[in-house]
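**Student:** I would like the atomic coordinates for the input below:
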Amino acid sequence: MASIDRQPAGRPDSGLSLIPVAWLLIVMGLSAYGLIANWRLIGDFNLPENAFLLVYGGLTGGVVTILWGLYLLGLAFNRSARFPRHYTIWQIAIIIWLILRQAYVSYAFVFSVEALGFTVAEIAIGLLCIYLLRNGAGSETVYANPETERPPVFVSILAALLGIILGGAVGAFGGFFAGSLIAELTHMSCFEGACGFFAAFVGLGGLIVGVIAGGIFAIWRVNRRRPARAR
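**Tutor:** As a prediction, this is how the structure comes out:
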């Protein structure tokens, strides 16, 4: 008798289970922007103690968020059945980090209603993503690939780092070149370095895009599913 592939039980997925992946990309992009914006502060020991802890804590959190997020993207792109559980763990960790950061900022600096509103919104979206990936919500019909042979986590992290470095370099060079070309074609004024600042700004955008795209491509490349070997 021919074997019949059994589909996971549960109602069909409506596409909402892809929202957590989109949110994951947004959080990684914000983390990458924070890293680039605060990178120049590394080694500045003249910072006040409260600012020093906030900056270095943010940098550490950004690196962990991006590397962990790249691993999750590898699971998501391969429709791994492990993705919902691993994403939920990641999202809970992010929510705890947001709460701790907001509490520290409110205590050590000045309380801001606007900053609190952004934090509450991020937590609400995170909880929504966890809800969309809960058991029985239909996500098991999307992330249904069984456990397969994968490279070690260290290999994935190393590939992600190489992808980030190469992608960032290519993105920054391409962005700076495109910004310079646009400034020249539009006859942008270079008074007080305006055209140079514009090219650098476009280059920064290219760097962020390159970092994310390079990391995602590297993770996908080393974790992509291969056809089963014929026996």
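
**Student:** Provide a list of residues in contact with the residue positioned nearest the centre of the chain.
**Tutor:** Nearest to the mean C-alpha position of the chain, counting by Cα atoms, centre = their mean, stands Met28 at 2.1 Å. Contacts for Met28 (Cβ atoms under 8 Å, 6 or more residues apart in numbering) come out as 65-66, 69-70, 212. The way it works is simple: take the backbone N, C-alpha and C, and place the C-beta from them, glycine included.

**Student:** quick one: the helices in this protein?
**Tutor:** 19-38, 49-77, 83-108, 113-132, 153-185, 194-223 (DSSP state H).

**Student:** The longest one vs helix 49-77, what angle?
**Tutor:** Between helix 153-185 and helix 49-77, the angle comes out at 100 degrees (axes from the mean of the first three to the mean of the last three Cα atoms, to 10 degrees).

**Student:** chain center to helix 153-185, what's the gap?
**Tutor:** Centroid separation for helix 153-185 versus its chain: 15 Å, with Cα atoms, centre = their mean, to the nearest Å.

**Student:** now swap in the last one and tell me
**Tutor:** In terms of Cα atoms, centre = their mean, the gap separating the centre of helix 194-223 from the centre of its chain is 13 Å.

**Student:** quick check: angle from it to helix 49-77?
**Tutor:** Using the same axes, to 10 degrees: helix 194-223 against helix 49-77 is 50 degrees.

**Student:** got the contacts of Met28 as a markdown table, with neighbour count, pLDDT and distance to Phe201 columns?
**Tutor:** Putting the contacts of Met28 into a markdown table (neighbours: other Cβ atoms under 10 Å; pLDDT from 0 to 100; distance: Cβ to Cβ, whole Å) gives the following:
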| residue | neighbour count | pLDDT | distance to Phe201 |
| --- | --- | --- | --- |
| Thr65 | 22 | 87 | 24 |
| Ile66 | 21 | 81 | 22 |
| Gly69 | 26 | 85 | 25 |
| Leu70 | 26 | 80 | 26 |
| Ile212 | 24 | 78 | 18 |
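
**Student:** Domain ranges for the chain, per the record?
**Tutor:** 16-141, 153-223 (automatic domain parsing).

**Student:** Lowest mean pLDDT across those domains, which one is that?
**Tutor:** Mean pLDDT is lowest for domain 153-223 out of these, coming in at a mean of 78.

**Student:** so Gly126 touches Gln91, yeah?
**Tutor:** Yes: using Cβ atoms under 8 Å, Gly126 is in contact with Gln91, at 4.8 Å.

**Student:** Return the most buried member of the helices of the chain.
**Tutor:** helix 194-223 (a mean of 19; mean count of other Cβ atoms under 10 Å).

**Student:** coming back round to it: with respect to Ser139, which of the helices of the chain lies nearest?
**Tutor:** helix 83-108 (5.4 Å; Cβ to Cβ).

**Student:** now that closest one and helix 49-77, what's the angle there?
**Tutor:** Going by the same axes, to 10 degrees, helix 83-108 makes 170 degrees with helix 49-77.
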